[in-house]
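Enquirer: Using only what follows, build the 3D model:
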Amino acid sequence: MLMRILRLIKRILKKFCLHLSQIYYYIVGNEVECNICHYKVNKLRSDFWHLYCHCPKCGSGVRQRLLMAAFTIINNFSIQRIIKDKKVLHFAPEKSLGKFIKEHASIYKTADFLAPEYSYGKIDYNVDISDMKEISNEAFDCVIACDVLEHVRNHISGIKEVYRILNFGGYCIFTVPQKDNLEKTFEDLSVIDPNEREKIFGQSDHLRIYGNDFRDMLENAGFAVTVVDEKFFNEKIVKKHVLFPPILSKHPLATNYRKVFFGKK
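Expert: Numbers count the residues shown, from 1 in each chain. Predicted structure coming up:
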């Protein structure tokens with residue numbers, strides 16, 4: 001009981017301090033603003049991989065903010081064109097980003113593939129993206145999967161399944177961890193030890209690390225692909241919303257050059 005009370009007090013204090021900080025930055029001005037939750041600050045927080053790239057309010061990283069920037073700035077990939085009044089399936093949904101998408105979609109469904117001992121919460125489909133028998137052909141207008149495929153054993157089947165369940169003219173939206181300057185995706189499915197996977201792929205539950213050939217994988221499945229990165233936006237927008245790491249990570253497996261892959265069926 002005491003621990004529950006202490007955790008509650010901690011959450012209340014955290015929210016109170018966050019609220020005070022936003023009042024302060026509203027008055028004195030700020031250099032950085034998360035374009036998803038509109039958290040204002042001069043520097044975002046750091047995490048294990050990157051300095052000053054993590055939003056402490058909504059948890060967004062560069063990849064989520066890049067996607068939001070595409071939705072709100074690039075006409076061809078605007079929320080009105082791709083999401084508005086559309087049927088959307090969102091894998092491993094990020095809470096704040098998912099809330100924004102749900103507000104515009106006509107139908108918004110979520111999906112993930114978790115072990116039986118996990119709580120699924122409000123996930124609509126407990127489904128393996130590489131084998132979605134529960135979902136019929138051409139059931140959705142948009143499928144979003146940010147940093148999902150690196151967890152999937154048969155990721156090529158996953159891409160093909162996404163193509164199958166999309167309506168013609170619909171879009172897939174993918175992000176994947178890509179090692180800087182790696183041309184060809186590297187995987188070794190014989191590695192099953194979590195510690196070894198972390199050393200080789202950067203995380204214990206990753207099965208591969210992607211290279212620049214990820215675009216080819218999508219095109220081979222039939223998608224017409226556009227790759228969106230920070231170069232699509234002016235320098236002021238990039239800095240304000242941290243669409244590119246302000247300091248490049250020195251970790252050999254870090255994804256410094258984040259990309260969002262839009263594939264049209």
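Enquirer: roughly how far apart are Tyr39 and Cys55?
Expert: Distance, Tyr39 to Cys55, by C-beta to C-beta, to the nearest Å: 6 Å. Backbone N, C-alpha and C define where each C-beta goes, glycine included.
Enquirer: of those two, who's got more company?
Expert: Neighbour count, other C-beta atoms under 10 Å: between Tyr39 and Cys55, Cys55 has more, with 24 against 21.
Enquirer: Next, the closest residue to that one other than its chain neighbours: phi, psi?
Expert: Excluding its sequence neighbours, the residue lying closest to Cys55 (C-beta to C-beta, 6 or more residues apart in numbering) is Cys34, at 4.3 Å. Per-residue torsions, Cys34: phi -70, psi 130 (degrees, to the nearest 10).
Enquirer: Kindly report the same for Thr110.
Expert: When read as degrees, to the nearest 10, the backbone of Thr110 gives phi -120, psi 160.
Enquirer: surely it meets Lys122?
Expert: Yes: using C-beta atoms under 8 Å, Thr110 is in contact with Lys122, at 6.8 Å.
Enquirer: out of those two, which sits in the more crowded spot?
Expert: Neighbours per residue (other C-beta under 10 Å) separate Thr110 from Lys122, with Thr110 holding more: 19 against 7.
Enquirer: That one: what's it in contact with?
Expert: Residues near Thr110 by C-beta atoms under 8 Å, 6 or more residues apart in numbering: Leu89, His90, Phe91, Pro93, Gly98, Lys122, Ile123, Asp124, Tyr125.
Enquirer: For it, list each beta-bridge partner.
Expert: His90 (DSSP bridges).
Enquirer: tally of neighbours for the nearest residue to Asp124 once chain neighbours are set aside?
Expert: In space, and not counting its chain neighbours, Asp124 is closest to Lys109: 4.4 Å by C-beta to C-beta, 6+ apart. Neighbour count of Lys109, defined by other C-beta under 10 Å: 19.
Enquirer: ok, now how distant is Lys109 from His90?
Expert: According to C-beta to C-beta, Lys109 and His90 sit 7 Å apart.
Enquirer: where does this structure have low pLDDT?
Expert: Applying pLDDT under 70 to the chain flags residues 1-30, 115-120.
Enquirer: Now do the strand ranked longest in it: which elements does it pack against?
Expert: Across the chain, the longest stretch assigned as strand under DSSP state E is strand 166-175. For strand 166-175, the packing partners by 3 or more C-beta pairs under 8 Å, 6 or more residues apart in numbering; DSSP states H and E come out as helix 62-73, strand 140-146, helix 155-165, helix 214-220, strand 260-264.
Enquirer: In that strand, which residues are buried?
Expert: Neighbour counts over strand 166-175 (16 or more other C-beta atoms under 10 Å) mark Leu166, Gly170, Tyr171, Cys172, Ile173, Phe174, Thr175 as buried.
Enquirer: For the residue nearest the centre of the chain, which non-adjacent residue is spatially closest?
Expert: Centroid check for the chain by C-alpha atoms, centre = their mean gives Cys146 as the closest residue, at 3.4 Å. Excluding the flanking residues, the one nearest Cys146 by C-beta to C-beta, 6+ apart is Thr175, at 4.5 Å.
Enquirer: can you pull the contacts of the one you found?
Expert: By C-beta under 8 Å, 6+ apart, the contact list for Thr175 reads Arg63, Leu66, Leu67, Ala145, Cys146, Asp147, Arg258, Lys259, Val260, Phe261.
Enquirer: again, but for Phe113
Expert: Counting by C-beta under 8 Å, 6+ apart, Phe113 touches Asn126, Val127, Asp128, Ile129.
Enquirer: PyMOL command for the buried members of these?
Expert: Listed next is the PyMOL selection for buried residues among those, using 16+ other C-beta under 10 Å:
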select buried, resi 127+128+129
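Enquirer: Of the contacts of Phe113, which is the nearest to Lys184?
Expert: Closest approach between the contacts of Phe113 and Lys184, by C-beta to C-beta: Ile129, at 22.3 Å.
Enquirer: didn't the closest one look like it was pressed against Ala145?
Expert: Yes: the pair Ile129 and Ala145 qualifies as a contact (C-beta under 8 Å) at a distance of 6.5 Å.
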